[in-house]
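**Student:** I'll drop the sequence and a predicted model, then ask my questions.
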Amino acid sequence: MSRPPLSPSQTLGRLALIGLGLAALAGTFAYAGGWIGPDRLTPQRIIDTFEANAGSYPGYRKNHAKGLCVSGQFLSNGAAAGLSRAEVFAAGEVPVIGRLAIGGSNPYAPDASVPVRSLALQLRTASGQEWRTGMNTPPVLPVSTIEGFFEQVLASKPDPATGKPDPARLQAFFAAHPESAAFRQWAKDNKPSNSFANATYNSINAFRLVDGDGKGRYVRWAMEPETPYQPLAGEADDKDFLAHDLFQRLQRGPLRWHLVLTLAEAGDPSDDPSSPWPASRQRIDAGTLVLDQAQPEDQGACRDLNFDPLILPDGIEPSADPILAARSAAYAVSFNRRTREGVPSAPIGAHP
Ligand code: HEM
């Protein structure tokens with residue numbers, strides 16, 4: 001469906017807000033030791049900066065702070081079983097716990113103020129194989145290094161006078177990062193939808209599927225909705241419209257997405273999340289995600305889950321994209337901090 005193009009000021013505003021909920025990195029640093037780079041850009045420093053930007057909200061996730069828990073099943077159709085030996089791809093049903101959220105570190109942010117949304121999933125097979133994945137609505141990141149990501153977080157800090165990021169600072173950030181071109185194009189062309197249910201969620205990072213013979217293939221994945229896209233309009237008057245809408249839709253029946261795997265070809269970058277692959281790449285529909293329950297996150301099963309993107313089953317491996325390791329380290333710091341702080345206090349979306 002074609003969508004009306006945004007004006008330059010709308011685009012800049014959207015980019016500003018997206019910045020709060022996004023991440024990116026790459027580079028050649030070892031991250032697992034708890035720090036990266038010569039100037040010690042630690043995962044703690046990244047989490048401190050999220051909190052410095054948005055304020056301290058005890059018990060909440062330090063990014064994607066506002067969300068709700070969901071659950072259901074993944075109905076694998078077996079189409080990807082030849083590409084990966086992971087049990088989740090064998091034809092059959094796998095229970096799912098998930099979380100739908102908006103980007104950013106403020107759990108009270110009005111839904112319409114944040115164009116990036118996310119879907120995180122834990123898929124656990126009967127034998128205990130586990131796959132956790134966190135996906136965002138943009139298909140690429142604006143930057144390709146952790147330093148770039150950190151600069152983006154700093155550039156997105158709200159100006160106390162306006163409550164919004166300083167446009168000049170953001171302009172300067174994007175000007176200094178030409179690799180953000182694909183991301184900026186996406187932000188310009190895609191107006192947020194009016195529901196969690198009709199958004200596509202992308203892995204952004206690449207992973208490697210490994211088959212029964214040990215043969216590997218790089219992929220990115222996306223959850224593509226069966227629910228048709230509709231642009232955001234009057235819903236924005238309700239600052240929690242995403243949760244209210246989701247509860248209402250689930251009262252009418254389950255919601256469905258298709259897990260679409262996009263296969264890289266030789267030369268496609270598997271370690272650069274700012275770089276899209278050609279649209280002509282082969283796509284495989286591996287099955288249907290069915291979500292039939294939602295709970296406020298102070299009560300739901302997703303509350304105490306860390307959707308660490310490196311929790312992968314045999315048959316799915318990380319790519320060399322160093323953002324994956326950086327995400328894993330930052331999510332651990334956020335998880336440890338928030339679970340020490342206690343339970344999130346505002347049951348957003350508790351009532352339809
Ligand atoms: C490909 C890039 C990324 C994607 C697709 C992504 C996706 C997500 C998603 C879906 C969530 C919500 C998880 C939930 O609902 O529990 C999340 C949370 C979070 N993200 Fe990212 N993210 C990315 C990059 C990053 C980066 C680079 C950082 C920082 C280094 C970061 C920091 C966080 C933190 C701290 C949380 C909260 C984790 C928790 O407390 O459980 N993200 N991200």
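**Tutor:** Sure thing, it's come through. The structure displayed is predicted, hence computed values, not measured ones.
**Student:** every contact and neighbour count from this point should use C-alpha atoms.
**Tutor:** Noted.
**Student:** identify the residue nearest residue 75 in space, chain neighbours excluded?
**Tutor:** residue 93 (4.6 Å; Cα to Cα, 6 or more residues apart in numbering).
**Student:** using the three-state scheme, assign the one you found.
**Tutor:** Following DSSP: H, G, I helix; E, B strand; the rest coil, residue 93 is assigned to strand.
**Student:** residue 339 too?
**Tutor:** Look at residue 339: counting by three-state DSSP, its state is helix.
**Student:** just give me the neighbour total for it.
**Tutor:** 17 (other Cα atoms under 10 Å).
**Student:** distance of it from residue 326?
**Tutor:** Counting by Cα to Cα, to the nearest Å, the separation of residue 339 from residue 326 is 20 Å.
**Student:** now do the buried residues in the top strand by length along the chain.
**Tutor:** In the chain, taking DSSP state E as the definition, the longest strand is strand 283-296. Using 16 or more other Cα atoms under 10 Å as the test for burial, strand 283-296 gives 283, 285-296.
**Student:** re the thing from before, what's the local residue count around the residue nearest to residue 75?
**Tutor:** Residue 93 has 19 neighbouring residues, counting by other Cα under 10 Å.
**Student:** and if you look at residue 58?
**Tutor:** Using other Cα under 10 Å, residue 58 has 16 other residues around it.
**Student:** if I look at it, how far off is residue 117?
**Tutor:** Separation of residue 58 from residue 117 (Cα to Cα) stands at 21 Å.
**Student:** got it, and residue 188?
**Tutor:** Distance of residue 188 to residue 117, given as Cα to Cα: 16 Å.
**Student:** more neighbours: which of those two?
**Tutor:** Using other Cα under 10 Å as the criterion, residue 188 and residue 117 rank with residue 117 on top: 28 against 20.
**Student:** tell me how far that one lies from residue 292.
**Tutor:** Counting by Cα to Cα, the gap from residue 117 to residue 292 is 19 Å.
**Student:** over to residue 325?
**Tutor:** 32 Å.
**Student:** repeat that for residue 336.
**Tutor:** For residue 336, the distance to residue 292 - Cα to Cα - is 29 Å.
**Student:** what parts of the stretch 101-250 of the chain come near the ligand?
**Tutor:** In this structure, the stretch 101-250 of the chain approaches the ligand at residues 101, 118-120, 134-136, 203-205, judged by Cα under 6 Å from any ligand atom.
**Student:** try 5 Å this time
**Tutor:** Within the stretch 101-250 of the chain, the positions near the ligand by Cα under 5 Å from any ligand atom are 118, 120, 134-136, 204-205.
**Student:** most neighbours among those, which one?
**Tutor:** Result: residue 205 is most packed of these (other Cα under 10 Å), 28 neighbours.
**Student:** from what I can see, it looks like it's in a strand, true?
**Tutor:** No. Assigned with three-state DSSP, residue 205 falls outside any strand and is coil.
**Student:** let me know the pLDDT of it.
**Tutor:** For residue 205, the model assigns a pLDDT of 98.
**Student:** do the same with residue 82
**Tutor:** Taking residue 82 on its own, its pLDDT is 98.
**Student:** and the residue of the stretch 101-250 of the chain that's closest to the ligand?
**Tutor:** Minimum separation of the stretch 101-250 of the chain from the ligand (Cα to the nearest ligand atom) falls at residue 134, amounting to 3.6 Å.
**Student:** what residues are up against the residue nearest to residue 95 when sequence neighbours are not counted?
**Tutor:** Closest residue to residue 95 apart from its sequence neighbours, by Cα to Cα, 6+ apart: residue 73 at 4.4 Å. Taking Cα atoms under 8 Å, 6 or more residues apart in numbering, we find residue 73 in contact with 93-96, 289-291.
**Student:** assess the claim that residue 58 and residue 338 are in contact.
**Tutor:** Yes. Between residue 58 and residue 338 there is a contact under Cα atoms under 8 Å: 6.3 Å.
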